[in-house]
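*Asks:* need a structure here:
(chains A and B)
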Amino acid sequence: MTDTAAVAHGTDIRPFAVAIPDDALVDMRQRIAAWRPPEKEPVDDQSQGVQLATMQRLAEYWATEHDWRRLEATLNALPQYVTNIDGVDIHFIHVKSSHENALPVIVSHGWPGSVIEQLKIIEPLTNPTAHGGSDADAFDVVIPSLPGYGFSGKPDETGWDPERIARAWAVLMERLGYARYVAQGGDWGTAISAAMGRQAPEGLLGIHVNFAQMMPLEMLVHIRNQEPAPDGLSDAEKKAYGQVLFNTYRRGYGVMMGTRPQTIGYLVADTPVGLAAWLLDHDTTTYAHLAALFAGQPYGDITRDDVLDNTSLYWLTNTAASAARLYWQLGVSGRNFYAAADVSLPSAVTVFPDEYVNAPRSWTEQAYHNLIYFNEADKGGHFAAWEQPQLFAEELRAAFRALR
Amino acid sequence: MADSSIRPFRVDVPDDELADLKRRLAAARFPSRELVDDRSQGVQLATNEELARYWANDYDWRRCEARVNALPQFLTTIDGVDVHFIHVQSKHEDALPLIMTHGWPGSIIELLETVGPLTDPTAHGGRAEDAFHLVFPSLPGYGFSGAPAELGWSPARVATAWAELMQRLGYARYVAQGGDVGAAVTDAMARQGPAGLVAVHMNLLVTALAGGPQPSETDEDKAAVEALATFRNSGFGYYLEQSTRPQTIGYALLDSPVALAAWMLDHDTDSYLKIADAFVNKEPTGNLTRDNVLDNISVYWLTATGASAARSYWERAHAQAAAAASGQPQPPAKVPVGFTQFPGEIFRAPRSWVEHGYPDVSYFNKVERGGHFAAWEEPQLFSEELRAAFRSLR
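*Replies:* This next block holds a predicted model:
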């Protein structure tokens, strides 16, 4: 079909390639070069936010060395498609394994990420025999851009919460002809995967998450009242309680996007440096690693180019505001992101040590009623797939082995 | 050792900075339109687009500059920071000296229209005995004052600096006034009780914002509890972000005028709706006109103080946390406190709440018009409130 209006309402799957116009790249670089920095923060740490020295290093590298066309070539070497689901064009990467009986997995990214987070796991998942696994470990991989993110369309109506995205993902897997598959995610991807688990669409065998939603209701009541951890908790529970309390009340970015995504939208749509700072300032540990990365310290497999690929993707698609709306959408749904996932389908959880909430096994077992796998990895953080792709792929192999 | 001189000051923004601002406005890139028909997702696209259009095409900074430069302005270095202030002496003998403090997202621009009624009451419906000598400084980190290079500029430290300023100006007997951050500074002055300070007036009740339980018996009490809860649930993001990560948002606030404008417009619902109305429907409320709103935003842009002003919230949050950790209650206000309740404020503080926060409430009144930016929106009414509040203290 060539009629775009007809295509938009069809169920066909169209090939997609990224092609950003030159003038958009020139404009981006010009804006970075013309940035007007604030004065240095009057502290010697990250306690007032992203530090000036970090932004200076980032801006310098972004304007002079980062090469968007390299990323574009990487993406365009992968099979990419767009299909319209529930009124929104969904962009996705779809790589089939050469191994028969590969298990299809749909992997959902989160904020402040994109499909770029997941690029490094494609090889170990689809081609395990070349990456320390056996052919029985193979996956067919589907990696969509969330609605409002990256190359997916921006919803023009409210309602696209994780539940609705989960329903769209089931449609996508059905369109791809997958009768048996699993789902995976962290960050927003965990909420989407859990929603899929609750909805239990035909064909979904189980889920794996690298961020467990496990807070018991009574703990959320204490947190709602901003109380210290109640007596009788184990050390691991106490730690998780403190982490959720902090992240509920002390992280302005989440509150801001949950209540005023449009206002933040102006801060991230008109200035690449403002956008980069907003994306860097996710959680304390991740930020510390990213700041060190721009100062020359390694951060697992994450490179400066990776970070700026992701940031440039948000910039060039002008999607930071539409992405932030997902927080607002969760807010109006009344659902608490940290609340127990309440999933009965087989579920697997990997806890990465640098994640900003470390789920204790006790609460995780209550939240995922059929917990088939629970492991505490020895390294990795919020962007586990990006930072530790081999380890992450091994976790998925182990987690889903019993469901094949 | 310390230089306590008072130097004359004039605003003089270079042409190329104004040209740069216009260039950035012309090149502004906006997000897609919000998905709702109200302000529940934040500053609406139509509002910010119209603001940017007017700012780029019709707005004249030099008019604002002339207006400010028509007033006597000074700089003096206090506690290591250059403090900018406007100082207008009344022609009336026995005028009462008054130090008035603006808030966030405000500046001295908020207070300009009160100069006439306060210093020259006989030309503005008052009597000679209503006259004030008026001092209104730019807060450290705001507008034409210097940005502190070191930590510790809490409202209490600003309050101490203001007492020093009034002493340098030779005022042995004076009063203080503030709303918003200015109320936090004025509250601190009342508790410090410096020599010469005889009374204060505020139009935001910071003792309730600090979080302690307030009286909740009457319908009026309950309505205020509810309004405050609404603010905490849905209007608190900017406050939390500035209290924790001022530097992070600073990058956008200094690099994009439309980002700065949006961040400043999204304060409280009442003022947002009034300002949006001024731009979209060309229907200003009171003195909240497009030009006045853009004068204030332009001050933040041209002085590049978006980050340093936001930092004052971080300082206040740290001071509050340290005070809570010390276990020591704050000292009570040492001087009489006057309060005016403006109907559009974030919450309408009832008299019971004001009395809960201060031992000696010498004046309380509810007025019919005005909101968070009471002095800016209703300068005449606001000035009449100050006359009434301080009448018994002359």
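*Asks:* use CA for all of it now, contacts and neighbours both
*Replies:* OK.
*Asks:* can you tell me how far the residue nearest to B:Arg10 when sequence neighbours are not counted sits from B:Phe85?
*Replies:* Spatially, and ignoring its direct neighbours in sequence, B:Arg10 is nearest to B:Asn69 (5.8 Å; Cα to Cα, 6 or more residues apart in numbering or on different chains). For B:Asn69, the distance to B:Phe85 equals 12 Å [Cα to Cα, to the nearest Å].
*Asks:* More neighbours: those two, which one.
*Replies:* The neighbour comparison of B:Asn69 against B:Phe85 (other Cα atoms under 10 Å in any protein chain shown) goes to B:Phe85, with 23 against 15.
*Asks:* Need the pLDDT of residue 3.
*Replies:* You didn't say which chain, so I picked chain A. You'll see A:Asp3 listed with a pLDDT of 43.
*Asks:* wait, I meant chain B there
*Replies:* According to the prediction, B:Asp3 has pLDDT 88.
*Asks:* Measure how buried the residue in the stretch 301-404 of chain A positioned nearest to chain B is and give me the count.
*Replies:* Closest contact between the stretch 301-404 of chain A and chain B, by Cα to the nearest Cα, is at A:Ala321 (6.0 Å). Neighbour count for A:Ala321, taken as other Cα under 10 Å: 28.
*Asks:* Unless I misread the structure, it falls within a helix.
*Replies:* Yes. Using DSSP: H, G, I helix; E, B strand; the rest coil, the secondary structure at A:Ala321 is a helix.
*Asks:* Skip the chain neighbours and tell me the closest residue to it.
*Replies:* Here the residue nearest A:Ala321, using Cα to Cα, 6+ apart, is A:Gly265, at 4.2 Å.
*Asks:* now A:Arg401
*Replies:* Closest residue to A:Arg401 apart from its sequence neighbours, by Cα to Cα, 6+ apart: A:Asp137 at 7.5 Å.
*Asks:* these two touch, right, the one you found and A:Ala402?
*Replies:* No. Checked against Cα atoms under 8 Å, the pair A:Asp137 and A:Ala402 is beyond contact range at 11.0 Å.
*Asks:* thinking again about what came up before, remind me which helix or strand the residue nearest to A:Ala321 belongs to.
*Replies:* Secondary structure from DSSP states H and E places A:Gly265 in helix A:261-269.
*Asks:* Give me the contacts around that helix.
*Replies:* A:256-257, A:274-275, A:278, A:315, A:318-322, A:324-325, A:327-328, B:29-31, B:34, B:41-45, B:249, B:252-253, B:256, B:258-260, B:262-263, B:266 (Cα atoms under 8 Å, 6 or more residues apart in numbering or on different chains).
*Asks:* contacting residues around B:Tyr239?
*Replies:* By Cα under 8 Å, 6+ apart, the neighbours of B:Tyr239 are B:Tyr313.
*Asks:* does any bit of the longest helix seen in chain B sit next to chain A?
*Replies:* Longest helix of chain B, by residue count under DSSP state H: helix B:306-326. Yes. On the criterion Cα under 8 Å from any Cα of the partner chain, helix B:306-326 is in touch with chain A at B:307-308, B:311, B:314.
*Asks:* Tell me the buried residues in that helix?
*Replies:* B:306-319 (16 or more other Cα atoms under 10 Å in any protein chain shown).
*Asks:* how about the residue in the stretch 251-394 of chain B positioned nearest to chain A, what does it touch?
*Replies:* Distances between the stretch 251-394 of chain B and chain A by Cα to the nearest Cα are smallest at B:Ala252, namely 3.9 Å. Neighbouring residues of B:Ala252 by Cα under 8 Å, 6+ apart: A:267-268, A:271, A:273-275, B:259-260.
*Asks:* List just the nearest of the residues you listed to A:Ile90.
*Replies:* Nearest to A:Ile90 among those: A:Val268, at 22.6 Å, using Cα to Cα.
*Asks:* Just say helix, strand or coil for the residue nearest in space to the middle of chain A.
*Replies:* Chain A has A:Gly110 as the residue nearest its centroid, 2.0 Å off, counting by Cα atoms, centre = their mean. When classified by three-state DSSP, A:Gly110 comes out as coil.
*Asks:* which residues does it contact?
*Replies:* Taking Cα under 8 Å, 6+ apart as the contact definition, A:Gly110 lies against A:185-189.
*Asks:* Could you rerun that using 10 Å?
*Replies:* Neighbouring residues of A:Gly110 by Cα atoms under 10 Å, 6 or more residues apart in numbering or on different chains: A:117, A:145-146, A:149, A:185-192, A:323, A:382-383.
*Asks:* now the spatially most central residue of chain B, nearest residue through space, not along the chain?
*Replies:* Centroid check for chain B by Cα atoms, centre = their mean gives B:Gly103 as the closest residue, at 2.1 Å. Computed as Cα to Cα, 6+ apart, the closest residue to B:Gly103 that is not its neighbour in sequence is B:Val181, at 4.3 Å.
*Asks:* now do A:Ala33
*Replies:* Leaving aside its sequence neighbours, A:Ala33 sits nearest to A:Ala63 (Cα to Cα, 6+ apart; 6.3 Å).
*Asks:* State the number of residues packed around the nearest residue to B:Tyr251 once chain neighbours are set aside.
*Replies:* Distances taken as Cα to Cα, 6+ apart put A:Gly274 closest to B:Tyr251, at 4.8 Å, once the chain neighbours are dropped. Counted by other Cα under 10 Å, the residues lying close to A:Gly274 total 27.
*Asks:* Run the chain-centre distance for the helix or strand hosting A:Gly274.
*Replies:* Assigning secondary structure by DSSP H and E places A:Gly274 in helix A:272-280. Taking the mean of its C-alpha atoms, helix A:272-280 sits 17 Å from the chain's own mean (Cα atoms, centre = their mean, to the nearest Å).
*Asks:* now the nearest residue to the residue nearest to the centre of chain A once chain neighbours are set aside: how far from A:His382?
*Replies:* Excluding the flanking residues, the one nearest A:Gly110 by Cα to Cα, 6+ apart is A:Trp188, at 4.4 Å. Look at A:Trp188 and A:His382: by Cα to Cα, they are 11 Å apart.
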